[in-house]
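Visitor: the sequence isn't on hand, but the structure is:
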C-alpha cells in the first residue's frame, strides 16, 4: 500500500476533517505560539503532521508484515473498507480511527475515499474484528526508559559538518573556534541535569523505534537552544542529530503528548 496519506486516498475537506478530529479527541494544543515557519494550516498544524506520520508508520509496518494476521494489527484493509488506529482518544477514552471506503469518484484514480474519523463504537467499524492496534514503537537496548547514568557519545564532526544541523545552532556561536567543545560540554551538562530532573528527557519515534530528545543549553542554562536525538546503544547513547525545539515537539508528539516544560511552553 502507499505510505503517503494523500497517495492512498481521496480526502475531501481535509482541514474540515482535522477540525472535526480536534473536537473529538482529548483537548490539547495543536499549534505553536510563535511558529518559525508559516503553514497553510494555521489552526491544527501539529495535529495534521501527527496524522501524516502515524499513517506513514502504520502503512510501512503493514507492508513489512509477513503474514496477513500480523498486517491487520497495523492497518485493516479488506473488501470495501479500511481503517487504522490514530493513537488518539476521545474524552471517554475511546480509541479514534481513520476510516476509508472504496473510492467511486470517476475524477480520481485513487483506490480509497476518506470518510472521516470515528471512535471504536462507531457503526462504521461494527464489522471489523479485531480492530487495528494502537501505534507502538520498539525499544532497543536493556532499558525501557532513559537512563541518565549512561554516557552520551556525541558525533560532533557529523553534526557540525552537516549544513542542516549547523543551521539549527544559534547563529551567534556557529563560528566559535571552540564550538565542538562547547557542544560536547553542553550535552554533558544536560545529561547531569537529567540525573536531577529525569522528566526533561522525552521519547520520540523514529523509523519504528524509540529514541530520546535531550534539551541542549548552549547560550542560556534556563532555556534550551535545541534538542539532540539520542539513539539507544549497548550501555550508552549516541547523539547524532540536532533538532529545533519545534521539530522536537513534533517528533515527541508521535509517542505521546509532551509534558516537559521546555516543550509545552512552545504551544498554545
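Guide: Yes, it's here. Everything quoted here is computed from the prediction, not taken from an experiment.

Visitor: in space, what's closest to residue 146 - neighbours in sequence excluded?
Guide: residue 201 (4.5 Å; Cβ to Cβ, 6 or more residues apart in numbering). (Glycine included, C-beta is placed from N, CA and C.)

Visitor: next, count neighbours for that neighbour.
Guide: 22 (other Cβ atoms under 10 Å).

Visitor: which ones are touching it?
Guide: 146, 148, 194, 212, 213, 214, 215, 230, 260 (Cβ atoms under 8 Å, 6 or more residues apart in numbering).

Visitor: same question, residue 48
Guide: Shown in contact with residue 48 (Cβ under 8 Å, 6+ apart): 18, 41.

Visitor: would you confirm that residue 101 belongs to a helix?
Guide: No. Residue 101 is assigned strand when assessed by DSSP: H, G, I helix; E, B strand; the rest coil, not a helix.

Visitor: quick check: it touching residue 81?
Guide: Yes. The pair residue 101 / residue 81 is scored as a contact, 5.2 Å apart, by Cβ atoms under 8 Å.

Visitor: in the protein, which helix is the longest?
Guide: helix 45-64 (DSSP state H).

Visitor: how about it: buried residues?
Guide: Residues 45-51, 53-55, 57-62 are the ones in helix 45-64 that count as buried (16 or more other Cβ atoms under 10 Å).

Visitor: any residues touching stretch 160-171, and which ones?
Guide: With contact meaning Cβ under 8 Å, 6+ apart, stretch 160-171 is reached by 158-159, 174, 179-180, 183, 218-219, 225-226, 241-244, 247.

Visitor: looking at the residues you listed, which are in strands?
Guide: Mapping the contacts of stretch 160-171 onto strands (DSSP state E) picks out 226, 241, 242, 243.

Visitor: pull the most distant pair out of the residues you listed.
Guide: Farthest-apart pair in the ones in strands among the contacts of stretch 160-171 is 226 and 241; separation 10.0 Å (Cβ to Cβ).

Visitor: nearest to residue 33, of the contacts of residue 201?
Guide: Nearest member of the contacts of residue 201 to residue 33, counting by Cβ to Cβ, is residue 260, at 15.8 Å.

Visitor: ok, residues contacting the lowest-mean-pLDDT helix or strand in the chain?
Guide: Among the helical and strand segments of the chain, the one scoring lowest on mean pLDDT, DSSP states H and E is strand 202-206, with a mean of 92. With Cβ under 8 Å, 6+ apart as the test, strand 202-206 has contacts from 53, 57, 137, 146, 210-213, 229, 248, 251-252, 254-256, 258-260, 263.

Visitor: sheet-wise, list the partners of it with their directions.
Guide: strand 209-216 (antiparallel) (DSSP bridges).

Visitor: which residues sit against the strand it pairs with?
Guide: The contact list for strand 209-216, computed with Cβ under 8 Å, 6+ apart, reads 137-140, 146, 152, 183, 186-187, 190-191, 194, 200-205, 224-232, 237, 239, 242-243, 248, 251-252, 255, 260, 262.

Visitor: go through the residues you listed and flag which are in helices.
Guide: Judged by DSSP H, helices contain the following of these: 183, 186, 187, 190, 191, 194, 248, 251, 252, 262.

Visitor: list the contacts for the third one?
Guide: Residues counted as contacts of residue 187 (Cβ under 8 Å, 6+ apart) are 152, 154, 214, 216, 228, 239.

Visitor: and for the fifth one?
Guide: For residue 191, the contact set (Cβ under 8 Å, 6+ apart) comprises 148, 151, 152, 214.

Visitor: just the buried members of these?
Guide: The neighbour-count test (16+ other Cβ under 10 Å) marks 148, 152, 214 as buried among the contacts of residue 191.

Visitor: out of the residues you listed, who's nearest residue 3?
Guide: residue 214 (29.1 Å).
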